[in-house]
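> show me the folded form of this:
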Amino acid sequence: MNAAQRRERILESLKAAQAPLSAAALAQRLSVSRQIIVGDVALLRAGGEDITATPRGYVLERPRAGLRRTVACLHSGADMERELTLMVDQGCAVENVIVEHPVYGQLTGPLDLSSRYDIAQFIRKIEENAARPLSLLTDGIHLHTLRCPDEEAFERAVKALGEAGFLVE
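Okay, here's the model as predicted:
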């Protein structure tokens, strides 16, 4: 298979996927190195494909049902798991985290978390890599874009975050 055919197979795999696909999984499936997949995905993005790298793997962005809303939050790094859980327990998916950096401007980290399992995997990856949350760059102040099935779910999430003291007023 040549490079163009391999990129087409990557795109087909992402279109068919029900969950994020890691570069390692794609590499194994296509019998190439992980680095080849990373390069292919970069070329697909440069060609206009809307592929996002999440902590759990690549996803092909598709129109998604539901409302998209943003919440402004403030908490310590130790409260990150609790904050994320409050949002998904209300039926909302956490699409990303956004911070305003004084030098780089807006920095966005894709998350795509919609369950406690997703959150546990995200937290595990942070711990395994001794990574620091983006919100630590801004003393805990950050935004999340939420995808909620309806306005009531969003309001429940806002209420839960407010009761926990995580909302920026």
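> tell me the helix or strand right after the helix or strand bottoming out on mean pLDDT in the chain.
Lowest by mean pLDDT, DSSP states H and E among the helices and strands of the chain is strand 51-54, with a mean of 86. Proceeding N to C from strand 51-54, the next assigned helix or strand is strand 57-60, under DSSP states H and E.
> CA atoms only for that following strand - export them in CSV, please.
Backbone C-alpha positions of strand 57-60 (Å, rounded to 0.1, in the frame of the first residue of the first chain) are rendered in CSV as follows:
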residue,chain,number,x,y,z
GLY,A,57,-6.5,9.1,20.4
TYR,A,58,-7.6,10.7,17.1
VAL,A,59,-11.2,11.6,16.3
LEU,A,60,-12.7,12.9,13.1
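> touching whichever helix or strand comes after it from outside, list them.
Proceeding N to C from strand 57-60, the next assigned helix or strand is strand 67-74, under DSSP H and E. Under the criterion CB atoms under 8 Å, 6 or more residues apart in numbering, residues 83, 87, 95, 98, 135, 140-151, 154, 157-158, 161, 166-168 lie in contact with strand 67-74. (Glycine included, C-beta is placed from N, CA and C.)
> secondary structure element holding the residue most central in space within the chain?
Central residue of the chain (CA atoms, centre = their mean): residue 111, 1.5 Å from the mean position. Residue 111 is part of strand 105-113, with elements assigned from DSSP H and E.
> for that strand, packing partners?
Judged by 3 or more CB pairs under 8 Å, 6 or more residues apart in numbering; DSSP states H and E, strand 105-113 is in contact with strand 51-54, helix 80-88, strand 93-101, helix 116-128.
> let's have the ones you listed in CSV, adding mean neighbour count and distance to residue 69.
Output for these, formatted as CSV (neighbours: other CB atoms under 10 Å; distance: least, CB to CB, whole Å):
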stretch, mean neighbour count, distance to residue 69
strand 51-54, 16, 19
helix 80-88, 20, 11
strand 93-101, 19, 10
helix 116-128, 14, 19
